[in-house]
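Participant: no FASTA, just this:
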């Protein structure tokens, strides 16, 4: 009997040890998978964001430049399969003191441009002075230049936009309507951040679901114009292939 109890104890210890190793492997796989999301590999590639997972609970640490990047990281991780919760411990470099208001605003505008494929986000330089934004860089045509001004001007906190971008003398084909293949978690994260930081849509109660690039929107819009604006913004997000807007319009609007 004594030998049996010893054997049983040893077996139990081995099983618990094997389970711990298995859980550790699953956690490491989850961390790696999240790190390979488009948001982290492309939009946040210049930042040292650390991802730690334990039994589906994910903790993010490190430094980013602004609130849109912080929210992008949190939303992308939260929408990844297998994630039960996200503890966002990311810090913003330099804090958010008053003397940094313009640099923060410029970073916010830049972050918004990077979410949309209809503008040249990576090729657009953004500066701010007392809430007034100046855009430089190159646009492929006048329509893209105007759209860049539109997106920049709709970011919360922007008072005015001066667009000094040049239009390419060599006409280049416009980007394809369908974006590159991007994971659903990153698409959902980009949409949520875009709708929140564009002042025209930040108060909309919009739920977002993405499946293989196809986005389904639900929730409430104040009126038809607001509903159409949400569709327009979402259609231009990196990776979106189609938008199914099921938002309802408030009664009496």
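Facilitator: Okay, I see it. What you see is a predicted model, and the numbers here were worked out from it, not measured in a lab.
Participant: only C-alpha atoms from now on, for both contacts and neighbour counts.
Facilitator: Will do.
Participant: residue 251: neighbour count?
Facilitator: Residue 251: 8 surrounding residues under other CA atoms under 10 Å.
Participant: would you state the strands of this structure in chain order?
Facilitator: In the chain, the segments counted as strands under DSSP state E are 49-54, 57-64, 85-92, 124-129, 132-139, 160-163, 166-167, 205-211, 214-221, 242-245, 248-249.
Participant: packing partners of the last one?
Facilitator: Spelled out, it's strand 248-249. Strand 248-249 makes packing contacts with strand 214-221 when contacts are defined by 3 or more CA pairs under 8 Å, 6 or more residues apart in numbering; DSSP states H and E.
Participant: the strand it packs on pairs with which strands?
Facilitator: Applying DSSP bridges to the sheet, strand 214-221 is found paired with strand 205-211 (antiparallel), strand 242-245 (parallel), strand 248-249 (parallel).
Participant: quick one, what contacts residue 162?
Facilitator: By CA atoms under 8 Å, 6 or more residues apart in numbering, residue 162 lies in contact with 132, 133, 134, 135, 149.
Participant: can you get me a residue count around the last one?
Facilitator: Right, residue 149. Residues lying near residue 149 (other CA under 10 Å) number 22.
Participant: quick check: pLDDT value at it.
Facilitator: Note on residue 149: pLDDT of 97.
Participant: nearest to residue 74, of the strands of the chain?
Facilitator: strand 85-92 (6.4 Å; CA to CA).
Participant: all helices of the stretch 51-200 of the chain, in order?
Facilitator: Under the criterion DSSP state H, counting those that start in this stretch, the stretch 51-200 of the chain contains helices at 67-78, 101-115, 142-153, 184-197.
Participant: now distance to residue 36 too, for the ones you listed, in CSV please.
Facilitator: Output for these, formatted as CSV (distance: least, CA to CA, whole Å):
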stretch, distance to residue 36
helix 67-78, 11
helix 101-115, 17
helix 142-153, 28
helix 184-197, 10
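Participant: closest one to residue 29 among those?
Facilitator: Smallest distance to residue 29 across these (CA to CA): 13.4 Å, for helix 67-78.
Participant: which residues does the closest one contact?
Facilitator: Here helix 67-78 makes contact (CA under 8 Å, 6+ apart) with 34, 37, 39-40, 44, 58, 60, 64, 83-86, 88, 90-92, 108, 111-112, 185-186, 188-190, 192-193, 197.
Participant: any weak-confidence spans in this protein?
Facilitator: Low-confidence segments of the chain (pLDDT under 70): 1-23, 94-99, 171-180, 252-253.
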